[in-house]
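Peer 1: Provided below for reference: sequence and predicted model.
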Amino acid sequence: MKFQKLCVLGLGYIGLPTASTFAKHGVEVLGVDVNENVVETLRNGGLHIHEPGLGEIVRDVLGTGMLRVALRPEPADAFIIAVPTPFYEDDKRADMRAVKSAAEAITPHLQKGNLVVLESTSPPRTTTDLIVPILEKSGLKAGIDFHLAYSPERVLPGQILQELIENARVVGGITAESAQAGYELYATFVKGDIIKTNATTAEMVKLMENTYRDVNIAIANEFSQLADSFGVDVWEAISLANLHPRVEILRPGPGVGGHCISVDPWFLVEAAPEITPFIRTAREVNDAQPKFMLSLLERALGSLKGKKIAALGLAYKPDVDDLRESPAVEVVHLLQSAGASVKAFEPFAPNASLPSLETVPTLEEALVEADAILLLVAHSQFKELDTENIAEMMTGRVAVDAINGWNVEKWQEAGFELTRLGVGK
Ligand SMILES: NC(=O)c1ccc[n+]([C@@H]2O[C@H](COP(=O)([O-])OP(=O)(O)OC[C@H]3O[C@@H](n4cnc5c(N)ncnc54)[C@H](O)[C@@H]3O)[C@@H](O)[C@H]2O)c1
């Protein structure tokens, strides 16, 4: 099958790199986003997200005309849906409104022989039970008149452009022919294996991957609390346990964030609550970890009322600007609720404005007269700080490290009392 024209719906962390990579490989791409700011920014040569190398490739393919951007789809040979699938905060149900409306926007343009691929992370059976009925309103039959597939994305933010091409990709069709059509679309640029399966298996694969990560981080987080109460250094204990040839414990931290690992396990719990007690518990353990961070700060500082704290990092993981579902943000909120005055510095989003949270554009502004410095995210630039210089700017000498990013001796030499997550006395 030859795909000359592709329409990608959703131009975020997944859709924009995907659209640009197809365009770079000779496919004429229309990138569609319902957010006018996104479309305007891209048309004006800007970029609304931070991802290494993305600016260059986007400018390149916009310049050659292989990528155009618009608010609405047009007829094409293939459509990819890469819109958000968050959850409802109150009951953690998957919020499928964007997926639904993207499918509805495709329906009037659908033609015989087209391929539609859903990439958004979705609850099991979404492709067959939600997408098929919407697209069949076109009068065409799914799997007969047009192909339909689910293909999960598993790229790592920060390395998206490379991983899009190199990672193995699963393509699940609602029929074998749909899987084959999906295979041929991604073969345009994917160098990793492309494995064909059915749509519901492909949906499960994505949810299983992220749930596996979540429960493994949950056990590391629980170990951090156990080590703290038994007077053990969890970092040392993990590195020793990992010498066992069949053990690989992950790293604990202030919690689990981002809009994938902290969200996707709920899609399985929602789909089958009575048979997912383990997955639910892991989610609850990880969601409770920011509270444990609060207790470490209380131990280091005594009452938090009126204490000034410089919080380093708000992103959900190192070296990205993504603050969604970030446990670092949750820790700051908890500190504020306990009466502390927190100035947060996020170098990848220095002017981020978040409800009821004060961010400052430089590290210096966060540190001035602070009683404590708190490391929440392992951004590269936070690992090698000038501790003497920091001591001069701060009032207090309390440092708290939630990610084992700092050298103990260095901080102690500068006069700090360093408290580390998972290190009991
Ligand atoms: N970011 C990741 O690392 C990652 C990894 C794997 C899977 N995913 C999944 O991929 C999907 C997209 O994630 P993302 O990080 O790219 O999201 P994002 O929020 O960065 O971008 C989504 C874009 O879709 C747009 N949009 C919303 N509704 C739309 C509609 N009806 N039509 C067209 N555009 C619409 C939004 O305006 C936004 O610009 C989600 O399901 C996510 O779970 C993300």
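Peer 2: Cool, got the structure. Numbers count the residues shown, from 1 in each chain.
Peer 1: quick check: residues of the stretch 251-400 of the chain near the ligand?
Peer 2: Counting by CB under 6 Å from any ligand atom, the positions of the stretch 251-400 of the chain adjacent to the ligand are 259, 260. Glycine gets a C-beta too; all of them are placed from N, C-alpha and C.
Peer 1: tell me where the stretch 251-400 of the chain has strands.
Peer 2: Per DSSP state E, counting those that start in this stretch, the stretch 251-400 of the chain carries strands over the ranges 308-312, 341-345, 372-375, 398-401.
Peer 1: got those as JSON lines, with mean neighbour count, mean pLDDT and distance to residue 2 columns?
Peer 2: Formatted as JSON lines, the strands of the stretch 251-400 of the chain follow (neighbours: other CB atoms under 10 Å; pLDDT from 0 to 100; distance: least, CB to CB, whole Å):
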{"stretch": "strand 308-312", "mean neighbour count": "25", "mean pLDDT": "98", "distance to residue 2": "51"}
{"stretch": "strand 341-345", "mean neighbour count": "21", "mean pLDDT": "97", "distance to residue 2": "50"}
{"stretch": "strand 372-375", "mean neighbour count": "27", "mean pLDDT": "98", "distance to residue 2": "52"}
{"stretch": "strand 398-401", "mean neighbour count": "24", "mean pLDDT": "98", "distance to residue 2": "54"}
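Peer 1: JSON lines for those, including distance to residue 284?
Peer 2: Compiled in JSON lines, the strands of the stretch 251-400 of the chain are given as follows (distance: least, CB to CB, whole Å):
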{"stretch": "strand 308-312", "distance to residue 284": "24"}
{"stretch": "strand 341-345", "distance to residue 284": "25"}
{"stretch": "strand 372-375", "distance to residue 284": "24"}
{"stretch": "strand 398-401", "distance to residue 284": "24"}
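Peer 1: ok, and the closest non-adjacent residue to residue 382?
Peer 2: For residue 382, ignoring the flanking residues on the chain, the nearest one in space by CB to CB, 6 or more residues apart in numbering is residue 312 at 5.2 Å.
Peer 1: can you pull out the helices in the stretch 1-150 of the chain?
Peer 2: Here the stretch 1-150 of the chain has its helices, by DSSP state H, counting those that start in this stretch, at 15-24, 36-43, 54-64, 97-106, 126, 132-135.
Peer 1: okay if I get those helices as TSV plus mean pLDDT and distance to residue 274?
Peer 2: As requested, these are exported to TSV (pLDDT from 0 to 100; distance: least, CB to CB, whole Å):
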stretch	mean pLDDT	distance to residue 274
helix 15-24	98	35
helix 36-43	97	40
helix 54-64	97	43
helix 97-106	98	26
helix 126	98	20
helix 132-135	98	27
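Peer 1: closest to residue 353 out of those?
Peer 2: Closest approach to residue 353 among the helices of the stretch 1-150 of the chain is made by helix 36-43 (14.8 Å; CB to CB).
Peer 1: which stretches of this structure have low pLDDT?
Peer 2: Low-confidence segments of the chain, defined by pLDDT under 70: 1.
Peer 1: show me it divided up by domain.
Peer 2: 5-206, 264-420 (automatic domain parsing).
Peer 1: same list, those domains, but as CSV with distance to residue 247 please.
Peer 2: Formatted as CSV, the domains of the chain follow (distance: least, CB to CB, whole Å):
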stretch, distance to residue 247
domain 5-206, 23
domain 264-420, 18
